[in-house]
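[1] Attaching a predicted model along with its sequence, questions to come.
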There are 2 protein chains.
Amino acid sequence: MSRSTAGPEIERLIQLLARLPGLGPRSARRAALALVKKKDQLLVPLAGAMTVAAERILTCSTCGNIDTSDPCTICSDPARDTKTIVVVEDVSDLWALERAGAIKARYHVLGGTLSPLDGVGPEDLNIESLVSRCSTGEVAEVILAVNATVDGQTTAHVITDRLTGTPVRVSRLAHGVPVGGELDYLDEGTLAAAIRARTPF
Amino acid sequence: MSRSTAGPEIERLIQLLARLPGLGPRSARRAALALVKKKDQLLVPLAGAMTVAAERILTCSTCGNIDTSDPCTICSDPARDTKTIVVVEDVSDLWALERAGAIKARYHVLGGTLSPLDGVGPEDLNIESLVSRCSTGEVAEVILAVNATVDGQTTAHVITDRLTGTPVRVSRLAHGVPVGGELDYLDEGTLAAAIRARTPF
Ligand SMILES: [Zn+2]
Ligand SMILES: [Zn+2]
């Protein structure tokens, strides 16, 4: 891409915006221009919100969720079922399940799926920390809310193997999640139904 | 949209990101999550770039371009043809012409098009400042590089009327077949214009 002629400050803004998912070089330019035009209404507040987020956002050392406290709001919520852990690949999946109001339990964020082709092994995911959460006797059920992809299902099998011998019951989301589909793109009704109809794994 | 459960800081980030062109609520959530995950590589630099932009970006009081100096880099470039002003609707059009390397002249950013239906009249655009730039005797030609839309062409006519009596020559962009364009996909008006404006081969 050639320069915008608007100086290095805008060039840098465009380049960084283009690294956001969903924005290519052209839409990054449009976004930068919208920001600069709406300086007081959009650019200044967004710069502030990002600075606050950068200063305050933490990863929960219990479940891997993203929040401003550690343990996170969900882990420290006394109204939630502490006997059930919903295992998700990514924080976006946790958000999707919470938006669906599918279940009021705890979560465990794996941070990805096993992917031998990409060199992602069990040690790269938060699996051991899940096993130790399941070893205290407090947890009765682990719901594997992983994507219905090959890597997701491989990950589900490996976790199930690792939890053999612990007292927890392992279940997975009901079919109803389209094969190959990603949780983040599903509607709330489908997610809620899949939680309700979960089956033993 | 329901909450992300990640706290008000992330909610605010998502809401502000969703106001960028090209990002809806879903992609704003993905962008926010990408930012938070890549805190040091993306969130902190972008927050910084936005803060710098907010502090330093100005609108050129001569031409309406966006830059960090006033007059802008283009208005103060001695290598540019000062006898020609290219009139554009928006800074994004100025950027597009500069990327194309189409002409090394000065610009004038109208800030929109006349749109009676949307209540945009001549007084809402930078037309009077164009007329005064054209009254000094330094400018020989005004090129109307406005969009080939009804509003764009109405705007072109109004500007042409306002410049009657000044010594400047008014021209507009040629209509024709886009470079690389296939005739089969062009509308009849474009094809007819391209035939009328045919050039010796
Ligand atoms: Zn947590
Ligand atoms: Zn200027």
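    Received the coordinates, thanks. Ligands and ions are numbered 1, 2, ... in the order given.

[2] Now do the domain split for chain A, please.
    Domains of chain A are assigned by automatic domain parsing as A:8-56, A:66-172.

[3] is the longest strand belonging to chain A anywhere near chain B?
    Criterion DSSP state E: the longest strand present in chain A is strand A:81-88. No: using Cβ under 8 Å from any Cβ of the partner chain, strand A:81-88 stays clear of chain B, coming no nearer than 12.4 Å. Quick note: C-beta positions are derived from backbone N, CA and C, even for glycine.

[4] now stretch A:26-44
    Yes: Stretch A:26-44 reaches chain B (Cβ under 8 Å from any Cβ) through A:27, A:29-37, A:39, A:42-44.

[5] and if you look at stretch A:91-98?
    Yes: judged by Cβ under 8 Å from any Cβ, stretch A:91-98 comes into contact with chain B through A:91, A:92, A:94, A:95, A:98.

[6] neighbouring contacts of that stretch?
    A:64-66, A:74, A:86, A:88, A:103, A:107, A:109, A:145, A:147, A:183-184, A:186, A:191, A:195, B:3-6, B:29-30, B:33, B:37 (Cβ atoms under 8 Å, 6 or more residues apart in numbering or on different chains).

[7] ditto for stretch A:15-29
    Against stretch A:15-29 from outside (Cβ under 8 Å, 6+ apart): A:1, A:4, A:14, A:31-32, B:20-23, B:27, B:30-31, B:34-35, B:42, B:45-46, B:49, B:92, B:95.

[8] Start and end of that stretch, how far apart?
    9 Å (Cα to Cα, to the nearest Å).

[9] Quick check: buried residues in that stretch?
    For stretch A:15-29, the neighbour count (16 or more other Cβ atoms under 10 Å in any protein chain shown) marks A:15, A:16, A:17, A:18, A:19, A:20, A:22, A:23, A:27, A:28, A:29 as buried.

[10] Quick check on the contacts of stretch A:15-29: which are buried?
    By 16+ other Cβ under 10 Å, these give A:4, A:14, A:31-32, B:20, B:22-23, B:27, B:30-31, B:34-35, B:42, B:45-46, B:49, B:92, B:95 as buried.

[11] Helices of chain A, start to end?
    Applying DSSP state H to chain A gives helices spanning A:8-17, A:25-37, A:44-56, A:91-100, A:128-133, A:150-163, A:188-196.

[12] any chance of those in JSON lines, plus distance to ligand 2 and mean pLDDT?
    Output for the helices of chain A, formatted as JSON lines (distance: least, Cβ to the ion, whole Å; pLDDT from 0 to 100):
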{"stretch": "helix A:8-17", "distance to ligand 2": "14", "mean pLDDT": "93"}
{"stretch": "helix A:25-37", "distance to ligand 2": "15", "mean pLDDT": "92"}
{"stretch": "helix A:44-56", "distance to ligand 2": "23", "mean pLDDT": "95"}
{"stretch": "helix A:91-100", "distance to ligand 2": "43", "mean pLDDT": "89"}
{"stretch": "helix A:128-133", "distance to ligand 2": "57", "mean pLDDT": "96"}
{"stretch": "helix A:150-163", "distance to ligand 2": "53", "mean pLDDT": "93"}
{"stretch": "helix A:188-196", "distance to ligand 2": "50", "mean pLDDT": "77"}
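
[13] which of those sits most buried?
    helix A:91-100 (a mean of 23; mean count of other Cβ atoms under 10 Å in any protein chain shown).

[14] tilt between it and helix B:8-17?
    90 degrees (axes from the mean of the first three to the mean of the last three Cα atoms, to 10 degrees).

[15] Distance from helix A:91-100 to the middle of the chain?
    7 Å (Cα atoms, centre = their mean, to the nearest Å).

[16] Stretch A:94-110 now?
    On Cα atoms, centre = their mean, the centre of stretch A:94-110 falls 9 Å from that of its chain.

[17] Start and end of that stretch, how far apart?
    11 Å.

[18] out of everything not next to it in sequence, what's closest to the residue nearest the centre of chain A?
    Centroid check for chain A by Cα atoms, centre = their mean gives residue A:91 as the closest residue, at 1.5 Å. Residue nearest to residue A:91 in three dimensions, not counting chain neighbours: residue A:66, with 5.1 Å by Cβ to Cβ, 6 or more residues apart in numbering or on different chains.
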